[in-house]
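Peer 1: coords below, sequence missing:
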């Protein structure tokens, strides 16, 4: 039986639309958190004639805001990619007759957010270290212009590597992995969400680290994430899109390294 088809055990179209609306709303809220935090965290610009002051250590509130920035960015990128697998899991749970299918679907989405939180924690620690070392400017970008160029080159090279395309194929066709060793307990639903999110994040993790070099107020890395990541996963020829995107990132990074 095809799990994609709507049957007696499948959620109604109204339930599917409601779930998609909630995921979209959460993603939009995450991008709003990212935008508001980016506009409010950068210190005032220092006139060129003055030497930049020594950076003040982050306080607890600033660290929490930095974590919220990274968590919002990660969730805003990953949640739209979770829409299709979430619908598949919901329909599979009902087809298997699992008890509390809505709870299992919610746990799958929660599991999808756990790698986002871990990524945000790691990125926050990296930014904290760079800040205390005086390596960030007023826009929270790395002071050395070549840093963004190197990050773009690294991301462009990764677009061509086999691990990238293995993770990408998993995200493009999630059903076999989601149904492998299917169990109806709640713990398995959470683990499926974690595993799927971790693999999809493995496809774009270098793209998600670009704001660490460019600063969160730089619109270009956000545009790359918003356009390239969904196009690779949702459009036909996603592997070719990833390779072409890698060439564009390499060209962009090389131009920054050798102006």
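Peer 2: Good, I have the coordinates. This one's a predicted model, so the numbers in the text were calculated from it and none came from an experiment.

Peer 1: burial measure for the spatially closest residue to residue 158 that is not a sequence neighbour, as a count.
Peer 2: Closest residue in space to residue 158, ignoring its immediate chain neighbours: residue 206 at 4.9 Å, by Cβ to Cβ, 6 or more residues apart in numbering. Just so you know, the C-beta spots here come from the backbone N, C-alpha and C atoms, and that holds for glycine as well. Residue 206 sits with 18 neighbouring residues when counted by other Cβ atoms under 10 Å.

Peer 1: And the helix or strand hosting residue 206, what's buried?
Peer 2: Assigned by DSSP states H and E, residue 206 falls within helix 186-208. Across helix 186-208, burial judged by 16 or more other Cβ atoms under 10 Å covers 188-208.

Peer 1: quick one: low-confidence parts of the chain?
Peer 2: Scanning the chain for pLDDT under 70 picks out 1-55, 93-101, 181-182, 184, 216-217.

Peer 1: 90 instead, please
Peer 2: Scanning the chain with the threshold set as pLDDT under 90 gives 1-113, 127-149, 151, 170-193, 195-196, 205-231, 233-237, 256-259.

Peer 1: packing partners for the host helix or strand of residue 85?
Peer 2: Residue 85 belongs to helix 83-95 when assigned by DSSP H and E. Contact partners of helix 83-95 among helices and strands, from 3 or more Cβ pairs under 8 Å, 6 or more residues apart in numbering; DSSP states H and E: helix 13-41, helix 101-132, helix 175-179, helix 186-208.

Peer 1: thinking again about what came up before, what are the neighbouring residues in contact with the residue nearest to residue 158?
Peer 2: Applying Cβ atoms under 8 Å, 6 or more residues apart in numbering, one finds that residue 206 lies in contact with 151, 154-155, 158.

Peer 1: of the residues you listed, closest to residue 124?
Peer 2: residue 151 (17.3 Å; Cβ to Cβ).

Peer 1: My assumption is that that closest one lies in a strand; please confirm.
Peer 2: No. Counting by DSSP: H, G, I helix; E, B strand; the rest coil, residue 151 is not found in a strand; it is helix.

Peer 1: Surely it touches residue 209?
Peer 2: Yes. Counting by Cβ atoms under 8 Å, residue 151 touches residue 209, with 6.8 Å between them.

Peer 1: which one of those two has more residues nearby?
Peer 2: Neighbour totals were compared for residue 151 and residue 209, and residue 151 leads with 23 against 18 (other Cβ under 10 Å).

Peer 1: Off-centre distance for the helix holding residue 206?
Peer 2: The gap between where helix 186-208 is centred and where its chain is centred comes out at 10 Å by Cα atoms, centre = their mean, to the nearest Å.
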